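Undergrad: Quick one: sequence plus predicted model below, questions after.
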Amino acid sequence: MEESQSMTIETGQIGVSELAGTDQFLTFVLAGEEYGVDILRVQEIKGWDAVTHIPNTPEYIRGVMNLRGTIVPIVDLRIRFNMEKLEYGPVTVVIVLRVDNTEGSRIMGIVVDGVSDVYNVSEGDIKPSPDFGSAVNTAFVKGLATVDDKMVIIMDIDQLLNSDELSIMDSMTD
């Protein structure tokens with residue numbers, strides 16, 4: 001996907017599963033691992049483009065972008081997850097998501113290495129994340145699913161993007 005291109009996900013056209021108890025997840029890749037987010041939360045997928053940096057924000061908040069009049073905070077998940085930084089390339093994308101919280105919802109973007117696929121996963125196929133004790137925060141992991149002989153980490157995007165560290169973004173986007 002070229003930088004200037006973007007893809008809008010319209011769930012009515014993508015074929016949201018009509019099977020009871022089955023959800024669809026858009027999967028993306030970070031450092032060779034595959035992660036999934038609820039397809040109904042995905043607003044758009046954009047090629048990486050420059051953002052406006054906001055001073056005094058954590059390093060993983062890359063800045064904000066203007067998306068058709070909406071100021072969208074952009075979070076680099078590699079940095080957020082303490083992974084090695086990579087230069088953004090031709091397959092680096094921003095997934096624009098609707099994030100829900102107690103005050104309503106907001107639009108945020110996450111920078112990922114690339115998008116992978118859309119999978120149908122039944123509720124019963126999502127296993128709880130392992131308990132690592134208090135040493136590792138896994139509140140943003142909804143569970144793990146095996147799809148096509150590979151493990152997919154299903155993300156709870158509301159938990160991940162509503163943490164205390166991101167509360168600063170609320171004041172910037174209001």
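TA: In hand now; what should we look at? This is a predicted model, so every value here is computed, not measured.

Undergrad: and E123, backbone torsions?
TA: Phi and psi for E123, reported as degrees, to the nearest 10, are phi -50, psi -40.

Undergrad: Apologies, that question was intended for I79.
TA: Main-chain torsions, I79, degrees, to the nearest 10: phi -70, psi -40.

Undergrad: quick one: it from G36, how far?
TA: I79 is 20 Å from G36, where distance means C-beta to C-beta, to the nearest Å. The C-beta positions use only the backbone N, C-alpha and C, and glycine is treated the same way.

Undergrad: Looking only at neighbour counts, state which of those two leads.
TA: More neighbours surround G36 than the other of I79 and G36, with 27 against 16 (other C-beta atoms under 10 Å).

Undergrad: how about that one, what does it touch?
TA: Taking C-beta atoms under 8 Å, 6 or more residues apart in numbering, we find G36 in contact with 25-28, 119, 121, 145, 152-155.

Undergrad: Now with 10 Å, please.
TA: 23-28, 116-119, 121, 126, 142-145, 147, 152-155, 157 (C-beta atoms under 10 Å, 6 or more residues apart in numbering).
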